[in-house]
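1. Show me the folded form of this:
(one chain, ligands or ions: 1)
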Amino acid sequence: MAQAQDLRQAITSVSGRPGPVLSAYMSINADIPENQRRAYLVRLRDAMNDNGVPEDLQRRVREYVENEAHPEARTLAIFADEDDLFEVYRLQVDVPESFRWGDPYVVPLTLVLDEHEPYGAAVLDAERFRYFVVSPLSTAHGEEEMKANGFREIDVHPSEPYPRGGAELDAESRRTEAHVHSFYKELGKLTRDVTFREGVRRLILAGPRERTAEFRRTLPHELQERVVSEEHVDLGSPEGELLDRLEAVRERAEHEREKELLDEIRETGVRGPDETVAALQEENRVYHLAALWELEAEIRWCDNDQLAIREITSEECPFCGRKTRVRLLKDVLVDLAAARGARLDFMRGENENTDTLRDEFGGLAGLTRF
Ligand SMILES: [Zn+2]
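-> Presented below is the predicted three-dimensional model:
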């Protein structure tokens, strides 16, 4: 099982490589029009050529990605060198695309690991209990099978067999109900253990309504607080359909979370690229950023100081006097957010949240500590 701790170690070991290393963050999200017909394969080939990645390594990377027909992720992060390094991470979040050949570039990966939380889904009816987790980040070679939409199934084994309802005589009904209750209590504890172990902070309950309602009542209190949604689903439907439903629920919950973030920013936050970058970089008081995925603005950057230069005409850095360069603001945000310990949420698509972010906040906004 890919635990956050193991992932952190793996990332640290990649970042300690002397290089040159290929660090590639490639968007493979099938919902993005630019990725139709796996057009990312072309971008990958061009980017590796442009960066001067050695032929032999190019071929190994291309073969790997071409053979991943259903990668079940939104972004692939690849780290490879001419020696024995070849690591692939699947990200269930959108990260700005970048390809580098040189020092390892793990910043976007640590940002995802630090700032996005796994979702858990407990699915149950009168005869079955299943637990799924979708993590923002996982390695490609875990023992568990990666299912549709990036879900993994975690084995949960109650100590007694599942009580079946329905066929009992009336005299036995009450005893059976008590039995179901104690059974659910045990399931609740198992669910708590696996939820904590997997670092799940947002939990979906799914199944026939009367079952999820009862299960929710028997859950330990610290878990009840993590339930974000109770969904009516039929466990008898094919697994693919079930996971599509869970993914739709997860997206709705994420959309709600983003909306709450924007509402809070409206009350107390900073907005617009200029004010937000100043508050983030110079005043160090932003702890959560909301950025439009389609943000096209550019900003100057000093590689020596690792600082954004807000005066777009400053070809020389006002701090160290060296040459600055122009970068996409979106890429700069990834580096600054990581350096300042701020969470970064990219919002994508055409919806109420992206409308607010674009029209009201100028594409970038943040929550401030003070
Ligand atoms: Zn400088």
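2. and the nearest residue to residue 297 once chain neighbours are set aside, what does it touch?
-> Sequence neighbours aside, residue 329 is the residue nearest to residue 297 in space, at 4.4 Å (criterion: CB to CB, 6 or more residues apart in numbering). (C-beta placed from N, C-alpha, C; glycine too.) Counting by CB atoms under 8 Å, 6 or more residues apart in numbering, residue 329 touches 273, 277, 295, 297-299, 364.
3. distance of residue 329 from the ion?
-> Distance of residue 329 to the ion, given as CB to the ion, to the nearest Å: 18 Å.
4. if I look at that residue, how far off is residue 213?
-> 47 Å (CB to CB, to the nearest Å).
5. Please apply the same query to residue 312.
-> 57 Å.
6. and what of residue 301?
-> Using CB to CB, residue 301 is found at 53 Å from residue 213.
7. got it, and residue 219?
-> Counting by CB to CB, the gap from residue 219 to residue 213 is 11 Å.
8. what do you get for residue 332?
-> To residue 213, residue 332 is 48 Å away according to CB to CB.
9. Spell out which parts of the stretch 201-350 of the chain neighbour the ion.
-> Neighbours of the ion within the stretch 201-350 of the chain, by CB under 5 Å from the ion: 302, 304-305, 317, 319-320.
10. Next step: those residues restricted to helices.
-> Judged by DSSP state H, the subset of these located in helices is empty.
11. Out of those, grab the one that's most surrounded.
-> Counting neighbours by other CB atoms under 10 Å, the top entry in these is residue 302, with 20 neighbours.
12. so that one bridges to which residues?
-> residue 307 (DSSP bridges).
13. Show the contacting residues for it.
-> For residue 302, the contacting residues are 309, 317, 319-320, 322, 324, by CB under 8 Å, 6+ apart.
14. Roughly how far does residue 221 sit from residue 327?
-> Distance of residue 221 to residue 327, computed by CB to CB: 47 Å.
15. what helix or strand does the closest residue to residue 48 other than its chain neighbours sit in?
-> Nearest non-adjacent residue to residue 48, counting by CB to CB, 6+ apart: residue 58, 4.8 Å away. According to DSSP states H and E, residue 58 maps onto helix 55-67.
16. Could you pull out the buried residues of that helix?
-> Buried residues in helix 55-67, counted by 16 or more other CB atoms under 10 Å: 57-58, 61, 65.
17. quick one, strands of the stretch 201-350 of the chain?
-> All strands of the stretch 201-350 of the chain, identified by DSSP state E, counting those that start in this stretch, fall at 202-207, 227-232, 270-271, 286-292, 298-302, 307-309, 325-328, 343-347.
18. got a markdown table for these, with mean pLDDT too?
-> Formatted as a markdown table, the strands of the stretch 201-350 of the chain follow (pLDDT from 0 to 100):
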| stretch | mean pLDDT |
| --- | --- |
| strand 202-207 | 96 |
| strand 227-232 | 94 |
| strand 270-271 | 98 |
| strand 286-292 | 95 |
| strand 298-302 | 95 |
| strand 307-309 | 95 |
| strand 325-328 | 94 |
| strand 343-347 | 91 |
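19. Quick one: the helices in the stretch 251-370 of the chain, in order.
-> Along the stretch 251-370 of the chain, the segments classed as helices by DSSP state H, counting those that start in this stretch run 273-277, 329-340, 352-355.
20. Same list as before, these that is, but in CSV and with mean pLDDT included.
-> Below are the helices of the stretch 251-370 of the chain laid out as CSV (pLDDT from 0 to 100):
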stretch, mean pLDDT
helix 273-277, 96
helix 329-340, 92
helix 352-355, 97
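21. Among these, which comes closest to residue 22?
-> With CB to CB as the measure, helix 329-340 is the member of those nearest residue 22 (17.4 Å).
22. Now the residue nearest the centre of the chain: closest residue in space that isn't a chain neighbour?
-> Taking CA atoms, centre = their mean as the criterion, residue 136 is the residue nearest the geometric centre of the chain, at 2.9 Å. Leaving aside its sequence neighbours, residue 136 sits nearest to residue 116 (CB to CB, 6+ apart; 3.6 Å).
23. go on, residue 191?
-> Counting by CB to CB, 6+ apart, the nearest residue to residue 191 once its immediate chain neighbours are dropped is residue 122, at 5.4 Å.
24. residues contacting that neighbour?
-> Residues in contact with residue 122, defined by CB under 8 Å, 6+ apart, are 129-131, 191, 203-206, 215.
25. just these now: which is nearest residue 356?
-> Using CB to CB, the contacts of residue 122 come closest to residue 356 at residue 204, 25.3 Å.
26. correct me, but the closest one touches residue 249?
-> Yes. Using CB atoms under 8 Å, residue 204 is in contact with residue 249, at 5.4 Å.
27. In the stretch 151-300 of the chain, which residue sits nearest the ion?
-> Closest residue of the stretch 151-300 of the chain to the ion, CB to the ion: residue 300 (10.1 Å).
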